[in-house]
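>>> Compute the structure for the input listed below.
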Amino acid sequence: YTRPDQLAQNPLLRSKVVQTTAVPHNPIATLQDLLQQAIISLNNNPKDAKFHRALWHTYIEPAPTQERAAEQLNLPFNTYRYHLANGLERVTAWLWQREVQ
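Sure, this is the predicted structure:
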């Protein structure tokens with residue numbers, strides 16, 4: 001998310017959801033915005049807020065390491081990784097839902 005140079009290689013840039021909502025001439029900014037929207041949407045459900053926090057401190061405002069992110073969230077590392085994996089699944093589902101609409 002914070003590395004536009006790496007996002008430039010992301011296959012999601014060719015997705016319909018990015019192409020149809022693209023900021024003119026800036027699909028990377030569009031992808032960043034969509035990813036942020038997806039992560040923020042997790043905060044709308046109290047059961048998913050923990051996934052939001054894990055993703056936020058890993059990708060949007062990243063801690064230097066995942067271990068440090070777990071510490072910031074006051075979570076054991078394995079629990080943090082569980083929250084991260086579940087959050088990624090929900091973000092994937094959010095993006096896919098928009099892709100097939």
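
>>> Which residue ranges of this protein form helices?
Shown for the chain, the helices assigned by DSSP state H span residues 4-7, 16-21, 27-41, 49-55, 66-72, 77-100.

>>> hey, which of those helices is tucked in deepest?
Among these, ranked by average contacts under mean count of other C-beta atoms under 10 Å, first place goes to helix 49-55 (a mean of 21). Yep, even glycine has a C-beta here, placed from its N, CA and C like the rest.

>>> So which elements touch the lowest-mean-pLDDT helix or strand in the chain?
When each helix and strand of the chain is scored by mean pLDDT, DSSP states H and E, helix 16-21 comes last, with a mean of 86. With contacts taken as 3 or more C-beta pairs under 8 Å, 6 or more residues apart in numbering; DSSP states H and E, helix 16-21 sits against helix 27-41, helix 77-100.

>>> and of those, who's closest to residue 2?
If you check each of those against residue 2 by C-beta to C-beta, helix 27-41 wins as the nearest, at 8.7 Å.

>>> picking up where we left off before, want to throw the helices and strands packed on helix 16-21 into CSV with distance to residue 11 and mean pLDDT?
Output for the helices and strands packed on helix 16-21, formatted as CSV (distance: least, C-beta to C-beta, whole Å; pLDDT from 0 to 100):
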stretch, distance to residue 11, mean pLDDT
helix 27-41, 10, 95
helix 77-100, 12, 96
